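Asks: Curious how this folds, go ahead:
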Amino acid sequence: MNSLRKLLPYIKPYMLFAILGPLLMCIEVGMDLLQPTIMQHIIDVGIADNDNGYVLKLGLLMLLTAFVGLIGGVGSSIYSTKAAVNFAADIRRDVFKKTKQFSNQNTDTFGTGKLITIVTNDIAAVQQAVMMILRIFVRGPLMFIGSVVIVWLTARELFPVLLVTIPILIVCIYYFSSKSGKLFVKVQQGMDRINIKLQETLAGIRVIKAFNHEDYEKKQFKSMNDFLMERNLSAEQVILSLMPIILFVVNIGMVAGIWMGAIKVNAGSLQIGVILAFINYLNIMMNGLMSSSNVLMQITRSFTSADRIGQVLDTNIDITEPANPASLPEIRGEVEFKDVNFSYSKNGEYVLKNISFTAKSGEKIGIIGSTGCGKSTLVKLIPRLYDADSGEILIDGVNIKEYPLENLRKAIGFVPQNATLFSGSIEDNLFFGKEQATNEEMEHAAQSASALEFIDRFEDTFAHEIKQGATNLSGGQKQRLSMARAFIREPKILILDDSTSAIDAISESAVQQAIKRNHPETTVFIVSAKISSLIDADQILVIDDGMVAAKGTHQDLLVASSIYRDIFATQNGKEEVSYE
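Replies: Numbering: from 1, shown residues only. Predicted coordinates for the structure are as follows:
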């Protein structure tokens, strides 16, 4: 309940709609409650006295109340919907905005599958709950209370029936609502597992097919789907069981009311119209309780969703802007690591330990090491995709945490291991690097990345559409476009994180030459498993088990580092390399 209450400030901008909806609903309920009483008078007075004029007059009054109720109901639906939809849209906007501020570590904590579920299913569930609160939750109690009051005023002889049925109905509704709420928590967990699995399967469908692993994936998905189905069945069965129970109790009440009423009618102390009105009010009361119970279940179901939304909105962002950003000159590109340590989780094992080195402006820094040694993690600290646990990272002598994030990242061109391109045109993807880049700038960046050759083969060149996931491009084409996107922003620091793995040696050499020629003052970090990509670097860092095992030029390392010599020997087909 507290989690849902935390989201209520989002309704404030739409408070007028949120007030008008229930007010108009009160009009609709009031008109509905008048109908049985009018019908009672038609039967007991108009029909009993054979007064057609009285019947016509009250019949027209019934039509008028029905029309007024219709206007109130339609108006209530319109304003309640406006309030709920805008409420959800604002939450969705803020959740999306918050996830964009997440560091990689924040995103890893939630998982993309869970975040997708929160932005879609959970916000939709909360929207539905608010809509039902504004409309049905007002209608249900009013119908229930109104029916009880009118029965007390007009058919007090039958009121004992309500004294018996109402407590039974309330206990049933409370029990089933609380039980269904616990079950829906498990339903949400099952939905998260399905979303994560589906995302993994779709992303890796080529690998699954290549290894003929479809049957295994089907079994895994079936297991998760069965789990979700069983939890859904349990939750829905609890909800659906409530309606027959309420109907059973109400029907018993009706029989009791008719029996008691018949005795009173025979005794001459009660009229038939009162009995019919009582039955109608009992039905109205039942509908009010049913609608209220449905709302309670939806609200109970939304507690889990609201809690998950709150977790996102309340998450402390690991990567924060400086409180008082200094007025700093334009970044030149000198990078220094001072005793940097990093772990992916608090109090976890360090994946980078005591990293220290200096890269002067315009230098090319190579980073090499075995798989999983921390090479990629190291370069991700520079644009603050992650923050170091301890130590300092300086750019031009200033701690990177003192730079506004926008200024810091604008000075860095980052090309990740997995080239990520977005659906849209090639031009749209290059605009990620520099908004409103000119045609000349795009051609120059594409030429530097050896991408212009294949772009020109497309009939529509830079307007060529890239499909979702860039499935209409080869791995090498994706990597070259990813590099072009980084080149176009003219970065002071360029990070190539194993970004030439799918590019042939000739194209890679051309890219290296273009970087030298077009970006002579740019500090370049190249992460690679291939020594050939780093051989002309001003400084090469050999990373082993998260530490800098050695650093120097290619020739220095052949002499000083056994790890580097082993890598060189392996890649050059030699068993041993010895340098004195």
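Asks: Tell me which helix or strand residue 434 sits in.
Replies: Using DSSP states H and E, no element contains residue 434; it sits outside every helix and strand.
Asks: Enumerate every residue touching it.
Replies: Neighbour list for residue 434: 441, 488, 489, 490 [criterion: Cβ atoms under 8 Å, 6 or more residues apart in numbering]. Where you see a C-beta, it was placed from the backbone N, CA and C, and this is true even at glycine.
Asks: and if you look at residue 469?
Replies: residue 423.
Asks: What of the one 4 residues further on?
Replies: Residues near residue 473 by Cβ under 8 Å, 6+ apart: 421, 466, 481.
Asks: and it, that's in a strand?
Replies: No - assignment of residue 473 by DSSP: H, G, I helix; E, B strand; the rest coil gives coil, placing it outside any strand.
Asks: and the gap between residue 121 and residue 303?
Replies: 14 Å (Cβ to Cβ, to the nearest Å).
Asks: and of the contacts of residue 434, the nearest to residue 147?
Replies: Within the contacts of residue 434, proximity to residue 147 (Cβ to Cβ) peaks at residue 489, which comes in at 68.7 Å.
Asks: Just list the residues touching that closest one, thanks.
Replies: Contact analysis of residue 489 by Cβ under 8 Å, 6+ apart lists 410, 413, 433, 434.
Asks: do that again at 6 Å, thanks
Replies: By Cβ atoms under 6 Å, 6 or more residues apart in numbering, the contact list for residue 489 reads 413, 433, 434.
Asks: Could you export the residues you listed as a markdown table, including distance to residue 337 and pLDDT?
Replies: Converted to a markdown table, the contacts of residue 489 look like this (distance: Cβ to Cβ, whole Å; pLDDT from 0 to 100):
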| residue | distance to residue 337 | pLDDT |
| --- | --- | --- |
| 413 | 19 | 90 |
| 433 | 26 | 86 |
| 434 | 28 | 86 |
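Asks: want to throw these into CSV with distance to residue 56?
Replies: Below are these laid out as CSV (distance: Cβ to Cβ, whole Å):
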residue, distance to residue 56
413, 84
433, 78
434, 78
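Asks: Residue 69: what's it in contact with?
Replies: So residue 69 contacts 28, 31, 32 (Cβ under 6 Å, 6+ apart).
Asks: let's see it at 10 Å
Replies: The neighbours of residue 69, taking Cβ atoms under 10 Å, 6 or more residues apart in numbering as the test, are 27, 28, 29, 30, 31, 32, 33, 34, 35.
Asks: Of the residues you listed, just the buried ones, ChimeraX syntax please.
Replies: Buried subset of those, written as a ChimeraX selection, criterion 16 or more other Cβ atoms under 10 Å:
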select :27,28,29,31,32,33,34,35
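Asks: any idea which of the contacts of residue 489 is closest to residue 515?
Replies: Using Cβ to Cβ, the contacts of residue 489 come closest to residue 515 at residue 413, 10.3 Å.
Asks: Show me the beta-bridge partners of that closest one.
Replies: residue 494 (DSSP bridges).
Asks: Could you pull up the residues touching it?
Replies: Applying Cβ under 10 Å, 6+ apart, the residues contacting residue 413 are 383, 433, 483, 485-496, 519, 522, 524.
Asks: Narrow these to those in strands?
Replies: Residues from the contacts of residue 413 lying in strands, with DSSP state E as the criterion: 493, 494, 495, 496, 524.
Asks: Which pair of those spans the longest distance?
Replies: Farthest-apart pair in these is 493 and 496; separation 11.0 Å (Cβ to Cβ).
Asks: tell me, what's touching these two both at once?
Replies: 379, 413, 414, 524, 525.
Asks: Let me have the residues you listed in JSON lines, extended by distance to residue 98.
Replies: JSON lines is the format used below for the shared contacts of residue 493 and residue 496 (distance: Cβ to Cβ, whole Å):
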{"residue": "379", "distance to residue 98": "26"}
{"residue": "413", "distance to residue 98": "26"}
{"residue": "414", "distance to residue 98": "22"}
{"residue": "524", "distance to residue 98": "34"}
{"residue": "525", "distance to residue 98": "30"}
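Asks: Check those residues against residue 364 and report the nearest one.
Replies: Nearest member of those to residue 364, counting by Cβ to Cβ, is residue 524, at 4.6 Å.
Asks: how many neighbours does the closest one have?
Replies: For residue 524, the tally of surrounding residues (other Cβ atoms under 10 Å) stands at 23.
Asks: Would you confirm that it contacts residue 496?
Replies: Yes - look at residue 524 against residue 496 with Cβ atoms under 10 Å: they come within range, at 7.1 Å.
Asks: Are there residues contacting both of those two? Which ones?
Replies: With Cβ under 10 Å, 6+ apart, residue 524 and residue 496 have common neighbours 366, 413, 512, 515.
Asks: Of these, which is the most crowded?
Replies: residue 366 (26 neighbours).
Asks: Apart from its chain neighbours, what residue comes closest to that one?
Replies: In this structure, residue 366 finds its nearest non-sequential neighbour in residue 534, 3.0 Å apart by Cβ to Cβ, 6 or more residues apart in numbering.
Asks: Can you give the domain ranges for this structure?
Replies: Listed domain ranges for the chain are 2-314, 332-411+493-572, 418-490 (source: automatic domain parsing).
Asks: Distance to residue 320 added to those domains, as a markdown table?
Replies: Putting the domains of the chain into a markdown table (distance: least, Cβ to Cβ, whole Å) gives the following:
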| stretch | distance to residue 320 |
| --- | --- |
| domain 2-314 | 9 |
| domain 332-411+493-572 | 8 |
| domain 418-490 | 24 |
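Asks: So which of those domains is nearest residue 324?
Replies: domain 332-411+493-572 (8.8 Å).
Asks: And the closest one, end to end?
Replies: By Cα to Cα, to the nearest Å, the extent of domain 332-411+493-572 from end to end equals 37 Å.
Asks: how far does that domain sit from the chain's center?
Replies: 33 Å (Cα atoms, centre = their mean, to the nearest Å).
Asks: Kindly report the same for stretch 61-72.
Replies: That offset, for stretch 61-72, works out to 43 Å (Cα atoms, centre = their mean).
Asks: quick one: buried residues of that stretch?
Replies: Here stretch 61-72 shows 62, 65, 69, 72 as buried, counting by 16+ other Cβ under 10 Å.
Asks: how much space between the last one and residue 18?
Replies: What it means is residue 72. Taking Cβ to Cβ, one finds residue 72 at 16 Å from residue 18.
Asks: which residue ranges form the helices in the stretch 451-580 of the chain?
Replies: 452-455, 475-487, 505-518, 554-560, 562-571 (DSSP state H, counting those that start in this stretch).
Asks: do the same with the stretch 301-450 of the chain
Replies: For the stretch 301-450 of the chain, applying DSSP H, counting those that start in this stretch gives helices covering 375-380, 405-410, 426-431, 439-448.
Asks: got it, and the stretch 1-150 of the chain?
Replies: Using DSSP H, counting those that start in this stretch, helices in the stretch 1-150 of the chain cover 2-6, 15-41, 52-101, 104-110, 112-117, 123-134, 136-154.
Asks: Next, give phi and psi for residue 49.
Replies: Per-residue torsions, residue 49: phi -90, psi 0 (degrees, to the nearest 10).
Asks: any idea of the pLDDT on it?
Replies: pLDDT recorded at residue 49 is 78.
Asks: ok, now the one 10 residues further on?
Replies: With respect to pLDDT, residue 59 has a value of 89.
Asks: What number of residues are in the vicinity of it?
Replies: 15.
Asks: Skipping its backbone neighbours, what lies nearest it in space?
Replies: Distances taken as Cβ to Cβ, 6+ apart place residue 42 nearest to residue 59, at 7.0 Å, with adjacent residues excluded.
Asks: how about low-confidence regions in the stretch 1-150 of the chain?
Replies: Across the stretch 1-150 of the chain, the ranges flagged by pLDDT under 70 are 1-3.
Asks: so how far is residue 474 from residue 453?
Replies: 13 Å.
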